[in-house]
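S.K.: Here is the input, now give the coordinates:
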Amino acid sequence: MPVQYILAFESSCDDTSVAIVDTDYNVIVNLISSQPEHLEFGGILPELASRLHLKNIVTLTKVALNASNLNLQDISAIAVSINPGLIGSLIVGLAFAKGLAWSLSLPLITVNHILSHIFANFIEHKAVEPPFLALVVSGGHTELVHFDTLTTFTVVGKTLDDAAGESFDKAAKLLGLGFPGGPAIDELAQKGNPNFIIFPRALPQKINFNFSYSGLKTSIRTWLVNQNSETLQDKLPDIAASVQQAIIEPLVHKTVLWARQHKIPYILLAGGVAANSALRQQLTAASAKYGIKVFYPSNTLCMDNAAMVGAAAIPKFLAKNYAPLSINVSSLKGTRQV
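M.R.: Next up, the predicted model:
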C-alpha cells in the first residue's frame, strides 16, 4: 500500500497543534502554538483557551501545509482528538476538522487524547509491538493500560482522585515555583536529597494497582506550614526531590510489578509527566532488572501535540474505522476508543 497522509488536530487544552503524519508513523510536520496568556492566572482559563484556539487554528493549518510541501489534495484523512479535555477547546478542533472532512470528502477519524499520548511512542519507536503496558501520567490522568493489540486494551490501574501531574503543579505552587510545576520541580530536585522528607505513599498494597495523590498534597501543605521561611529557602532542592520521589515511586513500583506478574516485555511511558527525568531513569532501571524494556517519547512529543493524534489515528485509518460527521466531543475521562 502506498504511503498516505493524515492531517491531524489537537486542541484539548491550551495548545493548538496541527500535524501531518504518514501511515508509516513518520512526522512530516508538527506545529504547536502555546498560550502564554494563561501564565498570569496560575492555571488554564477554559474560555480564554477556546478563543485562542479559534484565533490560531486556521493560520497554523496553512503554515503546516506550506511547511510540508503538500496541499489539501494530498491528504487522505482528517484526525482530531475529541475527549477528554476542555469542552470548549475540543469543540474548536472538532468543528474545524469536520468542516475540512466534509468540504474535501475525506474520512474523519476521532481519537482519545490519552490514547494519543501512548501512540506518540510509535513515532520514534516503530518496532514496538503488543503486548505492552502503558503508563500514562499527565496533569489530568494517571493510568496503567494493558494492550493486547493496537486497538484492544484494558485499563488495569488508575488514580482514584488526583493525577500525578496535578500533584507536581500544586506542590510547585506551594513552594513558590510557578506554573507549570513539573519541569521546575524536576530541575530543582536534581540537586536535592529525595530522602530528606518521607512523604506518605498511598495504596501500597501489592494487589492494588490504583493510585492516589490527594493525601500527598495535604501532607505536603501540612509540612510546609510548620516550617520557617529560612528552612524552606535553604532546603528547597531537598524538599523538591522528596516531593518528586513521593509522586513517582508508586508509579514505578506498580508499573513494574504488573508487567512482571503478567510477563509483559515492554512498558511505554506517556503523557506530559513522561518528560520527568527521574521517572524515566527509575522506571528504566527498575524494569531492566527483569528484562523489561522501557520506551518513552522525546520531550517535545510528551507535551500535547497533533503528531500523536495522527499516530493514534493510523490503526483506525487502516481498518477504515471512520467517525460520522454527527459525532460530538465529550468529557469522558480515561483511555478509551471513541
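
S.K.: alpha carbons only for contacts and neighbour counts from here, please
M.R.: Will do.

S.K.: tell me the SS of E143?
M.R.: strand (DSSP: H, G, I helix; E, B strand; the rest coil).

S.K.: let me redo that: T255
M.R.: Per three-state DSSP, T255 ends up helix.

S.K.: these two touch, right, it and T142?
M.R.: No - applying Cα atoms under 8 Å, one finds T255 not in contact with T142, separated by 11.4 Å.

S.K.: can you list residues touching both of the two?
M.R.: L135 (Cα atoms under 8 Å, 6 or more residues apart in numbering).

S.K.: higher neighbour count, those two?
M.R.: T142 (30 against 23; other Cα atoms under 10 Å).

S.K.: That one bridge partners, please.
M.R.: Under DSSP bridges, the beta-bridge partners of T142 are V137.

S.K.: ditto for the one 5 residues further on
M.R.: Beta-bridge pairing of F147, defined through DSSP bridges, involves F132, F153.

S.K.: Spell out the secondary structure type for the closest residue to I123 other than its chain neighbours.
M.R.: Leaving aside its chain neighbours, I123 sits nearest to Y25 (5.2 Å; criterion: Cα to Cα, 6 or more residues apart in numbering). Classification of Y25 using three-state DSSP returns coil.

S.K.: Would you mind writing the CA trace of stretch 161-169 as CSV?
M.R.: The C-alpha trace of stretch 161-169 is given here as CSV (Å, rounded to 0.1, in the frame of the first residue of the first chain):
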residue,chain,number,x,y,z
ASP,A,161,-8.6,11.1,43.0
ASP,A,162,-5.9,13.4,41.7
ALA,A,163,-3.4,13.0,38.9
ALA,A,164,0.3,12.8,39.4
GLY,A,165,0.9,15.8,37.1
GLU,A,166,-1.6,17.9,39.2
SER,A,167,0.4,16.9,42.3
PHE,A,168,3.5,18.3,40.7
ASP,A,169,1.7,21.6,39.8
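
S.K.: Run through who's touching it.
M.R.: 137-142, 179-182, 185, 211-214, 216-217, 244, 247-248, 272-273.

S.K.: Tell me which of these fall in strands.
M.R.: Residues of the contacts of stretch 161-169 located in strands (DSSP state E): V137, T142.

S.K.: what's the first-to-last distance across stretch 174-183?
M.R.: 15 Å (Cα to Cα, to the nearest Å).

S.K.: Would you mind pulling the contact partners of that stretch?
M.R.: Contacts of stretch 174-183 (Cα under 8 Å, 6+ apart): 39, 42-43, 165, 168-173, 184-185, 221, 236, 273, 276.

S.K.: Now the buried members of those.
M.R.: G165, F168, D169, K170, A171, A172, A184, I185, L236, V273, N276 (16 or more other Cα atoms under 10 Å).
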